[in-house]
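Peer 1: Turn this into a structure:
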Amino acid sequence: MTTSTTAPELLDIPARDLLTVDGTGGPETDGFGRAIRALFAVRAALGGTGDVPLEGTYTQGDDLHGFDLDAPDGWHWRLAVPAPSASAAAVATAAERFGAPVHLRRSRAQRVARVLHVGPYSAERPALAALYGFVAAQGLVPTDGHTEVYLSDPATVPAEQLRTYLQVPVMMVR
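Peer 2: Residues are numbered from 1 along each chain as shown. Model prediction:
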């Protein structure tokens, strides 16, 4: 198995509207798959066009550094895709049609530390360690769980070639 990681970097992400679904457990669960299908179905029903990346923000317990890749049963996740221009009422109507708990949320602008991981999701541990090491070396602290921005479709791309941004929102230690 071959993996690679780019050097971590800091960037600012503007506030934006997202379609989201919250859940628990690992990506192998039925709920995770249903959430993904619901997000893209609602997005399409609202007129969303183009290929957009899926994002997943993951936490586990109260320790933002304590995320355990080997214990997905304890994961809490929020899956998201960029929202087309739509009202909360339109999202609720579309979500109801699909029987899905999709919500419209406005994310806040934030500074993130980010690294590109190339390879299977199961091999992200060194990339996450590099990301959190970079955060500490910059005198920053995470303010929430880490987010994975999936740039490749695992249904069509071999695991060794999957491209995923791993990022974490940060702030200066005071």
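
Peer 1: Measure how buried residue 98 is and give me the count.
Peer 2: 15 (other C-beta atoms under 10 Å). Heads up, the C-betas are built off the backbone N, CA and C, glycines and all.

Peer 1: does the nearest residue to it once chain neighbours are set aside belong to a helix or a strand, and which?
Peer 2: Spatially, and ignoring its direct neighbours in sequence, residue 98 is nearest to residue 41 (5.0 Å; C-beta to C-beta, 6 or more residues apart in numbering). Element membership for residue 41, per DSSP states H and E: helix 30-45.

Peer 1: just checking, what packs against that helix?
Peer 2: Taking 3 or more C-beta pairs under 8 Å, 6 or more residues apart in numbering; DSSP states H and E as contact, the helices and strands that helix 30-45 lies on are strand 16-24, strand 76-82, helix 88-98.

Peer 1: In the sheet, which strands lie alongside the second one, parallel or antiparallel?
Peer 2: Right, the one you point to is strand 76-82. If you go by DSSP bridges, strand 76-82 pairs up with strand 16-24 (antiparallel), strand 54-59 (antiparallel).

Peer 1: hey, C-alpha coordinates of the longest one in PDB?
Peer 2: Yep, that's strand 16-24 we're talking about. C-alpha atoms of strand 16-24 as PDB (Å, rounded to 0.1, in the frame of the first residue of the first chain):
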ATOM      1  CA  ARG A  16     -20.900  29.100   3.200                       C
ATOM      2  CA  ASP A  17     -24.200  27.300   3.100                       C
ATOM      3  CA  LEU A  18     -24.100  23.500   3.400                       C
ATOM      4  CA  LEU A  19     -26.500  20.700   3.300                       C
ATOM      5  CA  THR A  20     -25.800  18.400   6.300                       C
ATOM      6  CA  VAL A  21     -26.700  15.100   7.900                       C
ATOM      7  CA  ASP A  22     -25.600  14.200  11.400                       C
ATOM      8  CA  GLY A  23     -25.000  10.600  12.600                       C
ATOM      9  CA  THR A  24     -22.900   8.100  14.500                       C
END
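
Peer 1: That one to helix 88-98, inter-axis angle?
Peer 2: With axes from the mean of the first three to the mean of the last three C-alpha atoms, to 10 degrees applied, the angle from strand 16-24 to helix 88-98 works out at 40 degrees.

Peer 1: Export the helices and strands packed on helix 30-45 as CSV, with columns for mean pLDDT and distance to residue 141.
Peer 2: Formatted as CSV, the helices and strands packed on helix 30-45 follow (pLDDT from 0 to 100; distance: least, C-beta to C-beta, whole Å):
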stretch, mean pLDDT, distance to residue 141
strand 16-24, 96, 23
strand 76-82, 96, 20
helix 88-98, 93, 32
